[in-house]
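Colleague: Show me how the following folds:
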Amino acid sequence: MRTVYGLAALAGLAASRPSPEPLPLEARAVAVVDQETGFTFSETKAAATLSSNIVFRIATPANVPAGQPYDIVLQVIAPSALGWVGLAWGGSMIRNPLTVSYPNGAKPTVSSRWATAHSPPTTYTGATLTPLTNGNKSNGTHWQFTVKCTGCTTYTGSSGQVRIDPNSSRRFGFACANAKVSNPSSSSSSIPVHDVYNYITHDFPAGANSNFAALLQRNGVSGGGADTGNTTFV
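Modeller: Modelled structure (predicted):
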């Protein structure tokens, strides 16, 4: 619920309180070192409700050659009350990779989706998600997944080829719902209509890792700085 103040009310508030001190702008993303996986992530928080956030974290290889595709590691932490969470890599629901996840017992289910209209997205084979051996769990308050994605940062959208620059910021769309999916063990399960849809701006450079390939191997996944091809997500 939003409260809308009239101009008279705003004028009264301004007259009754002293001028505030200027505050520094909050960073769009911060660097966070995840002790479990060892990755340095760029972290952005998105409001799911008035009192809870979804945490989006992205790790990238350092020094990606200009114009080349590259893998990323995505980690998401969501409140247990949410039935599903989605991230739109192109900033909208239509014609860009969507990473959709939902709780499924001890470990969440994560899938790659694509939508050509404002209707339930279907399976997308252009982006492959591979879970790390660490960072996938659930408890009484939150569920979390950590995956390598091949194909999230490079794709063919409505206007042609898209590449997310790892040295800049990017606007993403995100969505979530309280309703649960009908078959949480299936990566192609239909998802209920979202309750919340909004945007975040994510700064990629804070999540650059010079030892990206070694950290992947430490977490049971092959790959390196470049987009090295598909692996199978189970």
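Colleague: all contacts plus neighbour counts: C-alpha atoms, from now on.
Modeller: Fine.
Colleague: Could you list the low-confidence segments of the protein?
Modeller: 1-28, 224-234 (pLDDT under 70).
Colleague: what do you get if the cut-off is 80, keeping everything else the same?
Modeller: 1-29, 223-234 (pLDDT under 80).
Colleague: As a check, name the ranges of all helices in it.
Modeller: Under the criterion DSSP state H, helices of the chain are mapped to 7-16, 212-218.
Colleague: Quick one: residues contacting the nearest residue to Trp84 once chain neighbours are set aside.
Modeller: Closest residue to Trp84 apart from its sequence neighbours, by CA to CA, 6 or more residues apart in numbering: Tyr102 at 4.3 Å. Counting by CA atoms under 8 Å, 6 or more residues apart in numbering, Tyr102 makes contact with 82-85, 108-110, 180-181, 184.
Colleague: repeat that for 6 Å
Modeller: Under the criterion of CA atoms under 6 Å, 6 or more residues apart in numbering, the neighbours of Tyr102 are 83-84, 108-109.
Colleague: quick one: which of these is nearest Ile191?
Modeller: Using CA to CA, Trp84 is the member of these that sits closest to Ile191, with 7.5 Å.
Colleague: Any figure for the gap between the closest one and Ala59?
Modeller: Per CA to CA, to the nearest Å, Trp84 is found 22 Å from Ala59.
Colleague: Put together CSV for the contacts of Tyr102, with neighbour count on each row.
Modeller: CSV is the format used below for the contacts of Tyr102 (neighbours: other CA atoms under 10 Å):
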residue, neighbour count
Gly83, 21
Trp84, 27
Pro108, 19
Thr109, 23
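Colleague: So which of those residues sit within strands?
Modeller: Using DSSP state E, the members of the contacts of Tyr102 that fall in strands are 84, 109.
Colleague: which of the contacts of Tyr102 lies closest to Gln144?
Modeller: Taking CA to CA as the measure, Gln144 lies nearest Pro108 of the contacts of Tyr102, at 6.8 Å.
Colleague: Which strand residues bridge the residue lying closest to the closest one once chain neighbours are set aside?
Modeller: With CA to CA, 6+ apart as the criterion, Pro108 has its nearest non-adjacent residue at 5.6 Å, and that residue is Tyr102. Beta bridges link Tyr102 to Thr109 when assigned by DSSP bridges.
Colleague: cool, and Tyr199?
Modeller: Gly173.
Colleague: I'd assumed Gly173 was in contact with it.
Modeller: Yes: using CA atoms under 6 Å, Tyr199 is in contact with Gly173, at 4.5 Å.
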